[in-house]
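Peer 1: next one to model:
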Amino acid sequence: MVERFNSTFIPQIAKLQDQESNNWDEFLDAVVFAYNTGVHAATRYSPFELLFGRKPQLPTDSPQPEVIFNKPNDYYKQLEKCLKVYHTSARQNTIHNQELAKQRYDKNRPDPHYTIGDQVFVRVEGTRLKLDPRFSNIQDKYNSIPMIISKINHPTYFVVDQQTNQEYRRHLNDLKPVRERQQF
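Peer 2: So this is what the prediction gives:
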């Protein structure tokens with residue numbers, strides 16, 4: 001969350017400071033206030049609303065009518081109810097946005113399922129040269145002998161090296177199916 005704030009905050013400060021970059025501290029209050037009162041796309045609420053349970057009172061806004069509570073505890077109960085509504089709604093909005101993002105991501109993404117006995121290549125881990133293969137045998141990256149799926153727990157698969165009979169656990173993203181070459 002801090003990194004997300006910094007990725008928004010730092011460019012805003014950079015826009016406002018002078019060429020010598022020595023007056024950035026003069027703009028801190030204004031930039032933080034703008035961030036805290038701005039509505040976030042994921043929650044559809046500003047951080048101010050989620051913290052205080054009300055819309056922010058901007059300097060240009062007309063004064064709000066005064067609300068009088070009989071007991072101080074009444075104010076606390078009202079605030080607690082309001083914050084609960086804000087937080088529930090923000091959580092639902094965030095979950096909805098996450099689901100939409102997942103749908104967009106998964107839209108054109110294949111989800112292959114392998115069966116026991118399928119031959120696959122395994123992604124080469126670690127440093128490699130530009131022309132080295134990306135998928136290969138684990139032991140010898142230049143001798144591309146495919147491995148065989150031995151156990152399935154989608155998206156995690158267990159593959160067996162045909163030369164050493166050693167079993168390795170690999171994620172679906174690290175596997176590539178072996179395809180037969182078509183004869184022309």
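Peer 1: hang on, isn't residue 69 packed against residue 75?
Peer 2: Yes. The criterion here is Cβ atoms under 8 Å, and residue 69 meets it with residue 75 at 4.6 Å. Every C-beta, even on glycine, is put in place using the N, C-alpha and C of the backbone.
Peer 1: which neighbours do these two share?
Peer 2: Listed as contacting both residue 69 and residue 75 by Cβ atoms under 8 Å, 6 or more residues apart in numbering is no residue at all.
Peer 1: ends of stretch 60-67, how far apart?
Peer 2: Terminal residues of stretch 60-67 lie 20 Å apart, using Cα to Cα, to the nearest Å.
Peer 1: pLDDT averaged over that stretch, what's the number?
Peer 2: Summarised as a single mean, pLDDT over stretch 60-67 is 86.
Peer 1: list the contacts of that stretch.
Peer 2: By Cβ under 8 Å, 6+ apart, the list of residues contacting stretch 60-67 from outside reads residue 57.
Peer 1: now it: buried residues?
Peer 2: Residues of stretch 60-67 classed as buried by neighbour count (16 or more other Cβ atoms under 10 Å): none.
Peer 1: so how far is that stretch off the chain centroid?
Peer 2: With Cα atoms, centre = their mean, to the nearest Å as the basis, stretch 60-67 stands 39 Å off its chain's centre.
Peer 1: mind listing what residue 45 touches?
Peer 2: By Cβ under 8 Å, 6+ apart, the contact list for residue 45 reads 39, 86, 89-90, 93.
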